[in-house]
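S.K.: heads up, no residue letters with this:
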Ligand SMILES: *Cc1c(COP(=O)(O)O)cnc(C)c1O
């Protein structure tokens, strides 16, 4: 693994990189139901060209590269408009996790600044909220109150109202939640926050480039954005259903007054006065330029097409699952995310997942309820029939298999756990094995 004494030929390295890809997840052929959002080859070419043009620039100093600043402002502006944020402002961050971290940090600082009596700024979120919320609170040393959901896996506003105290710094809803694809009752959750004069964040990381377009196409979408009073911040990830390059999320605040606490400045460094909008110091400009170029290239009509393809595929899959007596869609999803559980005691959903994996289909395993997860994207439209045929075959195989098989619901890694076992040490050990260097 050591650095070569002399540099190698570029062509040789390129050939080696391509060869090394042989074992990678096959997203290009639509066999991977998460991780890579593929919007077609024309889009890909625009994305990669923009990324490459700005691969060297640094968005750390927004004034050094007015071009990059312009791209960022326009990306944020376009997303703010999509979220009906008339006076909304924001920044590009490296991903949903960073947006969520900053939303949590901003709320903590706001709580401390506004009310020094707040002893322990706390975040209240439903159990279906993304783990980035727990991670942010962990890093920021904040307490959390995790509330139960209703039988359809949507946040329970009553439980959230009961959880809010004088220490609550932030209340969270998802639009939609990742595991079951359902939009939380944002109006009710935001009203609770507004009653207490505290911020409410809507996590539209995965829904932000689907819900507005489904809405425009006439699908019934529950209210979830800045049009709902009381929603004070939102996260939307162009690098998911926006089909842009990885490394781009948008964190929006209802207006500038809410963004104030997001920014960090240090005027006491020997090197000079330092100020940064987000966690990153050096900020890659490539992803920002690529997001700008892809969004302008695709346009509203292009997103309508991409969303419609994914939604049609989702509806076809959901209808076929209802036909298969052994499986059912979890809850009543609002967009292109499907949890698929077994409703037949003879069929273990994780065994079906393993059988599908043996046939080259990569789905995630979920634990509550025990299910498989599909993020249906534009690239899946052509493979739906093939997938459904394999799904039916895998259900038949699973029916004959040992239903007690219980491998971890752990992304791409396999380990066995008992039901209810604390698996955190085990998975951290696994990571230590995976990252060998
Ligand atoms: C993906 C996702 C996140 C985290 O975003 P990253 O870009 O993976 O950091 C947060 N919330 C929801 C609902 C998501 O789907």
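M.R.: That came through, no problem. The model shown is predicted, which means the values in this text are computed figures rather than measured ones. Numbering: from 1, shown residues only.
S.K.: what about stretch 178-196, how long is it end to end?
M.R.: For stretch 178-196, the separation between the terminal residues is 27 Å (CA to CA, to the nearest Å).
S.K.: near the ligand at all, it?
M.R.: Yes. Using CB under 6 Å from any ligand atom, we find that stretch 178-196 touches the ligand at residue 178. The C-beta positions use only the backbone N, C-alpha and C, and glycine is treated the same way.
S.K.: Use 5 as the first number from now on
M.R.: Noted, 5 is the first residue going forward, which turns the last one into stretch 182-200.
S.K.: Pull up the residues of the protein that are close to the ligand.
M.R.: Within reach of the ligand by CB under 6 Å from any ligand atom, the chain has these residues: 99-101, 104, 134, 136, 178, 182, 207, 209-210, 241, 253.
S.K.: So which of the residues you listed sit within helices?
M.R.: If you go by DSSP state H, the residues of the chain next to the ligand have 100, 101, 104, 136 in helices.
S.K.: thought the last one was touching residue 107?
M.R.: Looking back up the chat, that one is residue 136. No. Residue 136 lies out of contact with residue 107 (CB atoms under 8 Å); the separation is 9.8 Å.
S.K.: Which helix or which strand is home to residue 248?
M.R.: When elements are defined using DSSP states H and E, residue 248 is found to belong to no helix and no strand.
S.K.: residues near it, how many?
M.R.: Residue 248: 30 surrounding residues under other CB atoms under 10 Å.
S.K.: what does residue 194 give?
M.R.: 26.
S.K.: what secondary structure does it sit in?
M.R.: When classified by DSSP: H, G, I helix; E, B strand; the rest coil, residue 194 comes out as helix.
S.K.: Who are the contact partners of it?
M.R.: 175, 177, 204, 206, 232, 233, 234, 235 (CB atoms under 8 Å, 6 or more residues apart in numbering).
S.K.: Strand partners (parallel or antiparallel) of the host helix or strand of the first one?
M.R.: To tie it back to what came earlier, the one meant is residue 175. For residue 175, the enclosing helix or strand under DSSP H and E is strand 172-178. Strand 172-178 has the following sheet partners, assigned by DSSP bridges: strand 126-130 (parallel), strand 204-208 (parallel).
S.K.: all helices for the chain, in order.
M.R.: So, for the chain - with DSSP H - the helices run 14-24, 45-57, 70-86, 100-118, 135-143, 161-167, 190-200, 215-220, 260-263, 290-327, 353-362, 388-404, 428-438.
S.K.: highest average neighbour count across these?
M.R.: helix 100-118 (a mean of 23; mean count of other CB atoms under 10 Å).
S.K.: neighbouring contacts of that one?
M.R.: Looking at what lies outside helix 100-118 - CB under 8 Å, 6+ apart - the contacts are 97, 122, 125, 127, 134, 136-137, 139-141, 143-144, 146, 171, 173-174, 202-203, 205, 207, 209-210, 237, 239, 241, 244, 253-255, 257, 262-263, 265-266, 282-284.
S.K.: So for it, mean pLDDT?
M.R.: Helix 100-118 comes out with an average pLDDT of 96.
S.K.: Repeat that for stretch 63-79.
M.R.: Here the average pLDDT along stretch 63-79 is 97.
S.K.: And for stretch 216-235?
M.R.: Here the average pLDDT along stretch 216-235 is 98.
S.K.: what does stretch 307-327 give?
M.R.: Rounded mean pLDDT across stretch 307-327 is 98.
S.K.: Pull the distance from it to the chain's centre.
M.R.: Averaging C-alpha positions (CA atoms, centre = their mean, to the nearest Å) puts stretch 307-327 20 Å from its chain's average.
S.K.: what distance separates the start and the end of stretch 271-278?
M.R.: 6 Å.
S.K.: if we can go back for a sec, and which of the contacts of residue 194 is nearest to residue 368?
M.R.: residue 177 (22.4 Å; CB to CB).
S.K.: Touching, that closest one and residue 191? I think so.
M.R.: No. When contacts are counted by CB under 8 Å, residue 177 is not listed as touching residue 191 (9.4 Å).
S.K.: Tell me the pLDDT of residue 418.
M.R.: Value for residue 418, per-residue pLDDT: 54.
S.K.: in the chain, what residue is nearest the ligand?
M.R.: Proximity of the chain to the ligand (CB to the nearest ligand atom) peaks at residue 100, 2.1 Å away.
S.K.: residues in contact with the nearest residue to that residue once chain neighbours are set aside?
M.R.: Nearest residue to residue 100, sequence neighbours excluded (CB to CB, 6 or more residues apart in numbering): residue 209, at 3.7 Å. Residues near residue 209 by CB under 8 Å, 6+ apart: 100, 103, 104, 134, 239, 240, 241, 244, 253.
S.K.: Look up how far residue 320 lies from residue 209.
M.R.: Separation of residue 209 from residue 320 (CB to CB, to the nearest Å): 25 Å.
S.K.: repeat for residue 240
M.R.: Taking CB to CB, one finds residue 240 at 27 Å from residue 320.
S.K.: Could you do residue 266 as well?
M.R.: The spacing between residue 266 and residue 320, counted by CB to CB, is 42 Å.
S.K.: re earlier: show me the contact partners of the strand holding residue 175.
M.R.: 107-108, 111-112, 114-115, 122, 125-130, 132-134, 137, 146, 149, 159, 164, 168, 187-190, 193-194, 196-197, 200, 202-208, 211, 228.
S.K.: Looking at it now, give me its mean pLDDT.
M.R.: For strand 172-178, the mean confidence score works out to 98.
S.K.: and the angle for it with helix 135-143?
M.R.: 160 degrees (axes from the mean of the first three to the mean of the last three CA atoms, to 10 degrees).
S.K.: Please compute how far strand 172-178 lies from its chain's middle.
M.R.: 17 Å.
S.K.: how far does the lowest-mean-pLDDT helix or strand in the chain sit from the chain's center?
M.R.: Across the helices and strands of the chain, mean confidence by mean pLDDT, DSSP states H and E is lowest for helix 428-438: a mean of 85. Remark: helix 428-438 is offset 23 Å from the chain centroid, using CA atoms, centre = their mean.
S.K.: just stretch 120-130 next, same as before
M.R.: In this view, stretch 120-130 has its centroid 24 Å away from the chain centroid, taken as CA atoms, centre = their mean.
S.K.: repeat for stretch 255-274
M.R.: 24 Å.
S.K.: Any buried residues in it, and which?
M.R.: 255, 256, 257, 258, 262, 263, 265, 266 (16 or more other CB atoms under 10 Å).
S.K.: JSON lines for the residues you listed, including pLDDT?
M.R.: Supplementary listing: the buried residues of stretch 255-274 in JSON lines, determined by pLDDT from 0 to 100:
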{"residue": "255", "pLDDT": "98"}
{"residue": "256", "pLDDT": "98"}
{"residue": "257", "pLDDT": "98"}
{"residue": "258", "pLDDT": "98"}
{"residue": "262", "pLDDT": "96"}
{"residue": "263", "pLDDT": "97"}
{"residue": "265", "pLDDT": "96"}
{"residue": "266", "pLDDT": "97"}
